[in-house]
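Trainee: I'd like to go over a predicted model; first the sequence, then the structure.
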Amino acid sequence: MYGLMSGKEFFVSRYRKLGWQFREVEPRQAIRINQNNAKGKNLPERLRSLGVELEKVPFLDSGYWVGKTRVSVGATAEYLLGLYSIQETAAQIPATLFAPLKGKTVLDACAAPGGKTNQLADLMNNSGAIVALDVNKDRLAALANHVERCHVRCCIVYGLDARRASGLNLKFDRILLDVPCSGNYAADPQWLSRRTLDDIERNAKVQREILAEAVKCLSPNGEIVYSTCSLEPEEDELNIEWAVKNLGLQIQPADCYGEDGLTEVFGRKLDASIARCKRIWPDETQGFFACKLKKKAEPK
Amino acid sequence: MKALTAFGSRFGGKIALNPEFVLDRAQRYYLLNPALQKVTRGDFYYAGLYLGKVKNGIFFPSFNFLNILAPIAVNKVILDRKAAWLFICGRDIFRKGIVRLMGSQQRGDYTLVMNEFGECLGFGVVTGNLEEDGKVAIRNVLDVGDFLRREF
């Protein structure tokens, strides 16, 4: 049934229509230093002494690419002590898009396995409060382990669907929506043969529901950062255009690595403000999309 | 709370936690800052700084709790790099891997286990063989390698 709506040729052709030439890529492994835990410890030097080659990621404050290594970076004492986390390069971007986070009340609506939750806590200097949700009960243990390993003190974890977040009766200054998505071929070798347009449309619908729920929980001057690791415009630019038109949101400039969001998708012109989103085609990183949103100002 | 202070005293330290910030939920203990207390609802999975749990009358500390204890505990050993690695792999400690011993080291005492950088790797029980090479000096009770082992 999906013969024409799936498979490598189908997706390669879609990407070409979006202006990008498909190529096989191998994203580099990356770590993120937990600055609060690693303060004064000269962590890069410690890791180099263990035989781990590191290269600073030029567009991230705390990110390093891992080169040749004599040890598994997921099994060093430094990792177990929470001095750093293994976190894909592009995935380190969304949490950095928020205005200052210290002391804020933050919702991480789709939090497991917790990489971005830990990053938020680090950026918050372990002050304020993070409410971390995940609907998948099996992934909550991984989230809690991650938070415990990194000595996070300001986080509470609930097994809750992001589409039910307003049931907590809380208002948030910052909301991270790293929504469940279709992923991309750079992170999953089977992706091109497994995914269909139907999957993408189903995920896009869930993402819109999560966006709508998040707006209900957002403080008047609050910020939402929306991100996916999908390359499909239905989950990215088209969803954000929908949010701008239907949820009273406006897109804020995002000062980070990546290309401008697409303002024309399969022949359809989108609102010019969509260019403020950031799209990352796979290369040294996996594919990614991120944007920052605020409520439109009420007319006086 | 008693379980926490009693456990701390086994390392020769006197721990002082403000009970206002300690949440006891079914004998699992969490330290919550005031901002977190405001967003705490009944059925959470994890909250604040997890301190440990009591099961069958025995207190099982978290690594966070050991880190709180570290500056005030008297009983500590510092390991060389190789012994530290073996310890986090779940192994016991032999005399030759110990760089420094602090506090009471009588058989049955609890002692924190630190690496050369002063970071807490876990804790163990003194076996009484601290002067004899070739015998286990400190039996491993809990080490940070647990974070990897519990994933499987």
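Mentor: Here it is on my side, so go on.
Trainee: going forward, measure contacts between C-alpha atoms and count neighbours the same way
Mentor: Noted.
Trainee: Strands of chain B, residue ranges please.
Mentor: Per DSSP state E, chain B carries strands over the ranges B:22-25, B:28-31, B:46-47, B:49-55, B:58-61, B:76-79, B:93-94, B:98-102, B:110-114, B:120-126, B:136-143.
Trainee: ok, and for the fifth one, which residues are buried?
Mentor: Neighbour counts over strand B:58-61 (16 or more other Cα atoms under 10 Å in any protein chain shown) mark B:59, B:60, B:61 as buried.
Trainee: Let me see the mean pLDDT of it.
Mentor: The pLDDT scores in strand B:58-61 average 96.
Trainee: ok, back up a step: including distance to residue A:235, could the strands of chain B go into CSV?
Mentor: Listed next are the strands of chain B as CSV, based on distance: least, Cα to Cα, whole Å:
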stretch, distance to residue A:235
strand B:22-25, 40
strand B:28-31, 38
strand B:46-47, 31
strand B:49-55, 35
strand B:58-61, 43
strand B:76-79, 51
strand B:93-94, 53
strand B:98-102, 56
strand B:110-114, 48
strand B:120-126, 43
strand B:136-143, 43
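Trainee: Relative to residue A:274, which of those strands is closest?
Mentor: strand B:46-47 (37.2 Å; Cα to Cα).
Trainee: Identify the residues contacting that closest one?
Mentor: A:144, A:153, A:154, A:155, A:156, A:157, A:158, B:30, B:31, B:32 (Cα atoms under 8 Å, 6 or more residues apart in numbering or on different chains).
Trainee: Can you pull the residues of the stretch 101-250 of chain A lying near chain B?
Mentor: Listed as neighbours of chain B in the stretch 101-250 of chain A under the rule Cα under 8 Å from any Cα of the partner chain: A:105, A:128-131, A:140, A:142, A:144-145, A:148-149, A:151-159, A:168, A:170.
Trainee: Got a ChimeraX select line for the buried ones in those?
Mentor: Only the buried entries of those go into this ChimeraX selection, using 16+ other Cα under 10 Å:
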select /A:105,128,129,130,131,140,142,144,145,148,149,151,152,153,154,155,156,157,158,159,170
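Trainee: So which of the residues of the stretch 101-250 of chain A next to chain B belong to helices?
Mentor: Among those, DSSP state H puts A:140, A:142, A:144, A:145, A:148, A:149 in helices.
Trainee: Out of those, the closest to residue B:20 would be?
Mentor: residue A:148 (21.3 Å).
Trainee: Local confidence estimate at the closest one?
Mentor: pLDDT, residue A:148: 97.
Trainee: before we move on, what about residue A:299?
Mentor: Here the pLDDT value assigned to residue A:299 is 64.
Trainee: where does residue A:12 land in three-state SS?
Mentor: Using DSSP: H, G, I helix; E, B strand; the rest coil, the structure places residue A:12 in helix.
Trainee: isn't it right up against residue A:19?
Mentor: No - counting by Cα atoms under 8 Å, residue A:19 is not a contact partner of residue A:12; they are 10.7 Å apart.
Trainee: out of the two, which sits in the more crowded spot?
Mentor: For residue A:12 versus residue A:19, the count of surrounding residues by other Cα atoms under 10 Å in any protein chain shown is larger for residue A:12: 16 against 13.
Trainee: give me every residue that touches that one.
Mentor: A:21, A:22.
Trainee: do that again at 10 Å, thanks
Mentor: By Cα atoms under 10 Å, 6 or more residues apart in numbering or on different chains, the contact set of residue A:12 is A:18, A:20, A:21, A:22, A:23, A:192.
Trainee: Pull the number of nearby residues for the first one.
Mentor: Residue A:18 is flanked by 17 other residues according to other Cα under 10 Å.
Trainee: Show the pLDDT at it.
Mentor: On pLDDT, residue A:18 comes in at 97.
Trainee: Against residue A:99, how distant is it?
Mentor: 31 Å (Cα to Cα, to the nearest Å).
Trainee: Flag the shaky bits of chain A, pLDDT-wise.
Mentor: A:1-4, A:299-300 (pLDDT under 70).
Trainee: now the helices for it?
Mentor: Using DSSP H, helices in chain A cover A:8-17, A:35-38, A:43-49, A:77-80, A:115-123, A:137-149, A:191-194, A:197-217, A:237-246.
Trainee: Deepest-packed of the ones you listed, please.
Mentor: Neighbour counts (mean count of other Cα atoms under 10 Å in any protein chain shown) averaged over each of the helices of chain A peak at helix A:115-123, with a mean of 24.
Trainee: what's that helix packed up against?
Mentor: strand A:30-33, helix A:35-38, strand A:84-86, strand A:105-108, strand A:129-134, helix A:137-149, strand A:155-159, strand A:172-178 (3 or more Cα pairs under 10 Å, 6 or more residues apart in numbering or on different chains; DSSP states H and E).
Trainee: In CSV, list those along with distance to residue A:247.
Mentor: Output for those, formatted as CSV (distance: least, Cα to Cα, whole Å):
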stretch, distance to residue A:247
strand A:30-33, 34
helix A:35-38, 36
strand A:84-86, 35
strand A:105-108, 18
strand A:129-134, 22
helix A:137-149, 29
strand A:155-159, 26
strand A:172-178, 15
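Trainee: Can you say which two of the contacts of strand B:46-47 are spatially most distant?
Mentor: Across those, the longest distance by Cα to Cα is 16.5 Å; it joins A:158 and B:31.
Trainee: Report the contact partners of the spatially closest residue to residue B:126 that is not a sequence neighbour.
Mentor: In this structure, residue B:126 finds its nearest non-sequential neighbour in residue B:138, 4.5 Å apart by Cα to Cα, 6 or more residues apart in numbering or on different chains. Applying Cα under 10 Å, 6+ apart to residue B:138 gives the contacts B:77, B:87, B:91-95, B:98, B:105, B:107-111, B:113, B:123-130.
Trainee: What distance do you get for residue B:138 to residue B:98?
Mentor: Computed with Cα to Cα, the distance linking residue B:138 and residue B:98 is 10 Å.
Trainee: what pLDDT does the residue in chain B that chain A sits nearest to get?
Mentor: Using Cα to the nearest Cα, the single residue of chain B nearest to chain A is residue B:47, 4.1 Å away. We have a pLDDT of 97 for residue B:47.
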